[in-house]
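# Show me how the following folds:
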Amino acid sequence: MNTTSVVVMNISLMVVFGVIAVFLFAENVRTVQIIGLMASGAVLGAAFTRIITALKSRQTSA
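Got it, this is the predicted structure:
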């Protein structure tokens, strides 16, 4: 798989998991907490994507 398809796949997984997270939370949880949790997950996912992309580019150049 090329880098573009990996990035698109990661973004789509983040969106899907975000939607699932909204439906799984209890009624007592505030919307701000849900948005904060999803944003944290998105930042973590973006960081993992960068690390994986850097490692893959290192492997192909070596």
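# CA atoms for contacts and neighbours, from now on please.
Noted.
# which residue is nearest the middle of this structure?
Taking CA atoms, centre = their mean, the centroid of the chain lies closest to residue 45, which sits 3.4 Å from it.
# Rounded mean pLDDT for the helix or strand hosting residue 50, please.
In the assignment (DSSP states H and E), residue 50 maps to helix 31-61. Mean pLDDT, helix 31-61: 77.
# Can you name the residues in contact with stretch 40-49?
The contact list for stretch 40-49 (CA atoms under 8 Å, 6 or more residues apart in numbering) reads 7, 10, 14.
# at 7 Å instead, please
By CA atoms under 7 Å, 6 or more residues apart in numbering, the residues outside stretch 40-49 that reach it are residue 14.
# Okay, buried residues for it please.
For stretch 40-49, a neighbour-count test (16 or more other CA atoms under 10 Å) marks 42, 45, 46, 49 as buried.
# and those residues as a markdown table, adding distance to residue 57?
Below are the buried residues of stretch 40-49 laid out as a markdown table (distance: CA to CA, whole Å):
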| residue | distance to residue 57 |
| --- | --- |
| 42 | 22 |
| 45 | 18 |
| 46 | 16 |
| 49 | 12 |
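# nearest to residue 36, of these?
Nearest to residue 36 among those is residue 42, at 9.8 Å by CA to CA.
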